[in-house]
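**Q** Here's a sequence, model it:
(chains A and B)
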Amino acid sequence: MEQILLVRYGEIHLKGLNRPFFERKLIEGINNALRGFGATVRREQGRIYVHGVSEDRIEDACDALTRVFGVHSISPAVAVEKDWDAIVDAAARLTEQAAGGQAKTFKVYARRSDKRFPMNSEAISRELGHALLQRFANLKVDVHAPEIKVCVEIREQAFIYADEIMGAGGMPTGTAGRAALLISGGIDSPVAGYLMAKRGLVLSAVHFYSYPYTSARARDKVVTLTRLVSRYAGPIRLHLVPFTEIQLAIYEKCPPKETTVLMRRLMMRIAEQIAQKDGALALITGEALGQVASQTLESLCVTDDAVNMPVFRPLIGFDKEEIVSIAKRIGTFETSILPYEDCCTVFVPQHPVTKPEVEKLRESEAMVDFTPMVEAALVRTELLLVDGV
Amino acid sequence: MIYLDNSATTRTLTAAAEAARQYMDENFFNPAAAYAPAVESERAVNGARARLADAMHAGADEIIFTSGGTESNNMAIRGSLGAMRGRGRIIMSAVEHPSVFEVMRNLSAEYNVVEAGVDKEGRVDLGGLSQLITPNTRLVSIMQVNNETGAVNDIPAIYKLVKRMAPGALLHVDGVQGFLKVPFDARNCDFYTISGHKFHGPKGVGALFVRKGTRFLGGQIGGGQEHNLRSGTTNTPGIMGMDAALQYYLANQQAIWQNMRACKVRLAGNLLSLPDVFLNGPAPESGAPHILNLSFLGVRGEVLLHALEEKRIYVSTGSACSAHKKGKNRILNAMGVTGERQEGAIRFSFSAFNTPAEMDEAASAIAELLGMLRRFKRR
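**A** Below is the predicted model:
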């Protein structure tokens, strides 16, 4: 008898000839998440088996697996020989432990993949149900709404389990290339990064700071947020870009109404250059249509005009509440709302333009030669490798 | 580095660190144990207790060692009220530290909690206070020195006032910023809080003076240490470290006071000559010698703080607990310092180790930064 974790994967089944690539990346992701657990990960017939995790750490390992993209669900299971008595014993133990021993009703779900096993699925369900009824006098069968499920799968071994824990879904990390996330420290950008990583992207992240208008704590906060996202997305290259000089130049020399959208354009320009160096093919932002002045359709067009790369905005159609609920689920919300961010208010114009025009903004931007400042910022950019696993 | 945030904490004196080390290493024994080396530790702690008591004209049996200012304040308020029969009024100044303010507010379901206003320098207004003290007043808690502005409260007068108007009431004085910095006599209060790390002792140690004969429940319960009023294994390294700092301070008190005052006056003089700089609190020549609060119009205190930090000059925008709430500095609000004056407020606090030359350097750094930062005002 051995405690294992049974991992199911979803969308990859739709893949054709490149399916082994996706499976390999999924196993890489699982191995990365289970570093330090002493686990052996094995794939067989559309399932992944995790062996070798000590019993007291099964729950932690299971939790780690819920953050691996490409995993559909996980079941902590007991593996026994395909021997009827062993199966009944394991099922009885499971029944005893499930629901704190308080359960009154159960149902057996059997699945026989190894057709050499003498009983078919129906017979296994029936006979195992019978055996459990005999052992537990208080227990009844309820095939519609059982309090506990006793699942049996007959494969190369017999696996017995009760729970199916939902995984993160999505595509395995590293199957979709790399993109660069503009991360501010607010609620939205970590969620945007999470959602794109979920589709298999590896992330770089770019953060702009304006010392002395922002503090060392604001910077720590971004590092923490990046680490929280990397629990799902895997290691992230975080670039910290000093932005004060550019902000001050915009403030002094450009039309006040346009400072925010000009700032966005320059951030995009710098992020694009960093992305190119990192081998990223797209940018990711946390913008949602209409949320603030810089996120109107016109503003987004003006921002996009500053770069040639595609800009992914996974939150574009989301309400704030929807974004918040994802942020809470992935654990970034509490950090995002730490009050270190509004240090930049000095630069926010009272009445920002909400319908900027591309041509006009290009002209405003041309009022200052930003290129040397952009280059200086890139030279002074720091790189941190953030790995939250 | 120019460290001007000594009201937040001070550098631990080398002698204090050495004393603490000694009581972690060779004299590590638990003073409650029965063998001779433990008795030695107990004697040492009682020696420290007697010296601390002397420094405030108290008796050794009136000193309870604690983990610091917050615990002493909590214990003074809860431990005194818990020992009284009946409810009534409790009074604090509007500018108390959160470890008094929040404890009092927490008691507002059972007691009538009243705040005494302060003048524009941050000093408790005695006329106003006298109107608040009712015969059923149980406890009054007033800080000795305002931690934002250095204003010094007239504790002897407050004590007389309290005892005259409500003989049954007790007076607690939070002396965290005041102890050793301005003269003090424990005969003018019933409870007095001190904290070791504000005068070059280690963090995590402090004391509470409880006047002999006061009905008092004490704090945490357990093994019966500190006359059974504050249980917990005696923090010998902390207590002996604090004792070393106390002895250093007492031996050099006049010189330290003069040095801090000289720094304060010099920095104030330098900075108040700049345009649009205003003093919050008493004139630099008066008030506590170690705290100076100035407002720099046209720049946010937080931004100036971070800009100074780049030059390794460390200041504060207010007591750390309220530093993050913009426009909501309760203490400056109570003093009527609002709007731009509040946003641009910076607290400088000095120690024995600051020098007048540092003041000149800090002032010229600020003058230079103001020129730059004021160009970028919020529009």
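
**Q** Identify the residues contacting stretch A:226-240?
**A** With contacts defined as C-beta atoms under 8 Å, 6 or more residues apart in numbering or on different chains, stretch A:226-240 is touched by A:29, A:32, A:67-69, A:168, A:173-174, A:183, A:190, A:193-194, A:197-198, A:201-207, A:209, A:219, A:222-223, A:274, A:278, A:330-332, A:335, A:381-389. In short, each C-beta sits where N, CA and C put it, glycine included.

**Q** now swap in stretch B:73-82 and tell me
**A** So stretch B:73-82 is in contact with B:64, B:66, B:90, B:97, B:99-100, B:103-104, B:107, B:111, B:138-139, B:141, B:170, B:172, B:174, B:190-191, B:193, B:208, B:210, B:214-219, B:229-230, going by C-beta under 8 Å, 6+ apart.

**Q** and residue B:59, what are its phi and psi?
**A** Backbone geometry at residue B:59, expressed as degrees, to the nearest 10, gives phi -90, psi 150.

**Q** list the contacts for it?
**A** For residue B:59, the contacting residues are B:53, B:212, by C-beta under 8 Å, 6+ apart.

**Q** What of residue A:106?
**A** Contacts here follow C-beta under 8 Å, 6+ apart; on that basis residue A:106 touches A:95, A:129, A:132, A:139-142, A:146-150.

**Q** how near is it to chain B?
**A** Per C-beta to the nearest C-beta, to the nearest Å, residue A:106 is found 49 Å from chain B.

**Q** related to what we said a few turns ago, from the contacts of stretch A:226-240, list the buried ones, please.
**A** If you count burial by 16 or more other C-beta atoms under 10 Å in any protein chain shown, the buried members of these come out as A:29, A:32, A:67-69, A:168, A:173-174, A:183, A:190, A:193-194, A:197-198, A:201-207, A:209, A:219, A:222-223, A:274, A:278, A:330-332, A:335, A:381, A:384, A:386, A:388-389.

**Q** Where does chain A get nearest to chain B, residue-wise?
**A** The nearest approach of chain A to chain B comes at residue A:212, 3.3 Å away (C-beta to the nearest C-beta).

**Q** How about the secondary structure of that residue?
**A** Following DSSP: H, G, I helix; E, B strand; the rest coil, residue A:212 is assigned to coil.

**Q** Can you report how many residues lie near it?
**A** By the criterion of other C-beta atoms under 10 Å in any protein chain shown, residue A:212 has 20 neighbours.

**Q** my guess is it contacts residue B:311, does it?
**A** No - contact status for residue A:212 versus residue B:311: not in contact, 10.1 Å apart, counting by C-beta atoms under 8 Å.

**Q** sorry, back to before: list the ones among the contacts of stretch A:226-240 that fall in strands.
**A** By the criterion of DSSP state E, membership of the contacts of stretch A:226-240 in strands covers A:202-207, A:209, A:382-386.

**Q** Pick out the lowest-pLDDT one from those.
**A** Lowest pLDDT within the ones in strands among the contacts of stretch A:226-240 is found at residue A:209 (92).

**Q** re earlier: and chain A, which of the contacts of stretch B:73-82 contact it?
**A** Residues of these in contact with chain A (C-beta under 8 Å from any C-beta of the partner chain): none.

**Q** What residue spans form the domains of the chain?
**A** Chain wasn't specified; assuming chain A. Chain A breaks down into these domains under automatic domain parsing: A:2-166, A:178-386.

**Q** ah, no, chain B please
**A** If you go by automatic domain parsing, chain B breaks into B:2-9+B:253-373, B:14-251.
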